[in-house]
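Peer 1: I'll drop the sequence and a predicted model, then ask my questions.
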Amino acid sequence: LNGTAVTSPEANDLEYLTPVTIGNVTFHLDFDTGSADLWVYSDELPTDEQTGHAVYATTDSKLLPGSSWEILYGDGSSAGGDVFADTVVVGGLTATMQAVEAAATLSAEFERDAHSDGLLGLAFSTLNMVKPQKQSTFFDNVKSQLDLPVIATSLKHGAPGTYDFGFIDENKYTGPLTYVDVDSSRGYWTFTADAYAFGDDQISTSLTGIADTGTTLILLPSDTVSRYYANVSGAQDSPLHGGYVFPCDSKLTPFTLVVAGNHSVTVPGELINYAPVGSVSNLCFGGIQAASGLVDINIFGDVFLKSQYVVFDAGSQGGPRLGFANQ
Ligand SMILES: CCNC(=O)c1c(-c2ccccc2)csc1NC(=O)CNCCc1c[nH]c2ccccc12
């Protein structure tokens with residue numbers, strides 16, 4: 001049995017929300033290949049933080065006794081609470097004993113996020129934050145039902161896309177799928193590009209990062225990012241806006257990763273113009289930004305993934321790997 005779920009972008013493609021039925025309630029969750037916890041807004045949150053969200057009714061649910069969870073994301077946001085076992089359905093696929101992490105506390109970033117009802121982690125289960133015992137992701141729980149142990153993402157700019165579970169849909173991409181090995185030792189979908197380029201400016205340094213549907217932008221080392229925006233006239237690193245901004249009519253250079261020897265994965269310049277910074281100025285915020293000091297990995301987030309049909313292959317032919325094709 002395979003499945004497909006439709007995912008819809010919030011304003012400015014900030015995140016993509018996908019309907020998930022837990023028990024008999026439908027939640028709109030942010031599918032996140034950069035984390036491994038399925039957590040939802042719950043009745044254990046302060047009432048004002050529940051407003052406007054689908055809420056998990058913990059009083060009617062089967063508690064996992066003695067279990068709790070706490071996640072701190074690199075951007076400083078956090079969430080935590082206790083854990084239940086429930087039936088979770090995504091795109092027609094059912095996990096009967098899925099660990100559902102009920103949020104009892106949420107940081108300000110999540111409280112401000114008026115549309116998401118939580119996250120569904122699709123990284124490796126080694127990254128799960130439940131204690132005393134790590135729990136399996138939805139993907140791990142349904143993997144045995146699937147024809148292939150794969151998730152294939154088709155995220156789009158300003159339009160609905162899909163998460164395919166168990167199969168690769170030839171109708172969703174053009175040209176060949178190029179595969180690159182994944183190092184899952186840190187729990188992420190980590191891969192290494194042999195080189196990269198900003199337009200015709202070839203940089204023959206390798207670049208290691210994670211394919212992360214839960215992060216909006218492309219986050220790279222600050223010297224790399226300043227080199228990219230050196231090509232964009234009028235670009236500046238603005239503390240006021242929290243990163244690089246430029247005139248909205250700028251022509252942005254494409255960002256290319258060279259993977260598997262000689263295959264180019266290119267993000268067109270248009271997708272690197274993330275969004276206007278506000279209604280009055282003609283400044284736009286860049287889709288490539290510097291990762292804050294803490295992070296020691298590069299993050300190929302939605303801005304990168306939007307240009308590709310991406311196959312997250314957990315091991316259909318050996319080790320984990322990522323497949324890229326133009327869409
Ligand atoms: C900006 C969000 N991304 C990260 O913090 C992150 C980092 C990371 C680490 C240090 C500094 C910056 C980023 C490494 S892997 C990684 N990826 C994830 O953690 C993926 N999950 C993000 C979930 C998430 C965090 N804040 C949100 C706000 C709205 C919707 C979703 C979220």
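Peer 2: Cool, got the structure. Everything quoted here is computed from the prediction, not taken from an experiment.

Peer 1: and D48, how many neighbours?
Peer 2: Neighbour count of D48, defined by other Cβ atoms under 10 Å: 7. Placement of C-beta: from N, CA and C, glycine included.

Peer 1: residues of the helix or strand hosting it that come out buried?
Peer 2: Assigned by DSSP states H and E, D48 belongs to helix 47-50. Residues of helix 47-50 classed as buried: 49-50 (neighbour count, 16 or more other Cβ atoms under 10 Å).

Peer 1: average pLDDT across that helix?
Peer 2: Averaging pLDDT along helix 47-50 gives 96.

Peer 1: need the residues that contact it.
Peer 2: Applying Cβ atoms under 8 Å, 6 or more residues apart in numbering, the contact partners of helix 47-50 are 41-43, 106, 111.

Peer 1: distance of whatever residue of the chain ends up closest to the ligand relative to N141?
Peer 2: The ligand sits closest to G74 of the chain, with a gap of 1.8 Å, by Cβ to the nearest ligand atom. Distance, G74 to N141, using Cβ to Cβ, to the nearest Å: 26 Å.

Peer 1: ok, these two, which is more surrounded?
Peer 2: Shown here are G74 and N141; by other Cβ under 10 Å, N141 has more neighbours (20 against 15).

Peer 1: that one: which element?
Peer 2: Using DSSP H and E, N141 falls within helix 138-142.

Peer 1: so which elements touch that helix?
Peer 2: The helices and strands touching helix 138-142, judged by 3 or more Cβ pairs under 8 Å, 6 or more residues apart in numbering; DSSP states H and E, are strand 78-90, strand 93-106.

Peer 1: turn those strands into a markdown table, columns for distance to the ligand.
Peer 2: Shown next, in a markdown table, are those (distance: least, Cβ to the nearest ligand atom, whole Å):
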| stretch | distance to the ligand |
| --- | --- |
| strand 78-90 | 9 |
| strand 93-106 | 10 |
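
Peer 1: can I get the ones you listed in TSV including mean pLDDT and mean neighbour count?
Peer 2: TSV is the format used below for the helices and strands packed on helix 138-142 (pLDDT from 0 to 100; neighbours: other Cβ atoms under 10 Å):
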stretch	mean pLDDT	mean neighbour count
strand 78-90	98	21
strand 93-106	98	21
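
Peer 1: my read: Y309 touches E170, true?
Peer 2: No. Here Y309 does not reach E170: they are 9.6 Å apart, not a contact under Cβ atoms under 8 Å.

Peer 1: so between these two, which is more surrounded?
Peer 2: Under the neighbour definition other Cβ under 10 Å, Y309 and E170 were set side by side, and Y309 has more, 26 against 10.

Peer 1: how many residues are close by the spatially closest residue to D249 that is not a sequence neighbour?
Peer 2: Of all residues not flanking D249 in the chain, N282 sits nearest, at 7.4 Å (Cβ to Cβ, 6 or more residues apart in numbering). Counted with other Cβ under 10 Å, the neighbours of N282 add up to 12.

Peer 1: might you report the residue contacts of N282?
Peer 2: For N282, the contact set (Cβ under 8 Å, 6+ apart) comprises 247-249, 276.

Peer 1: G121 touches S35, doesn't it?
Peer 2: Yes. Assessed by Cβ under 8 Å, G121 is found in contact with S35 at 4.4 Å.

Peer 1: intersection of neighbour lists for the two?
Peer 2: By Cβ under 8 Å, 6+ apart, the residues touching both G121 and S35 are L127.

Peer 1: many thanks, I have nothing further to ask.
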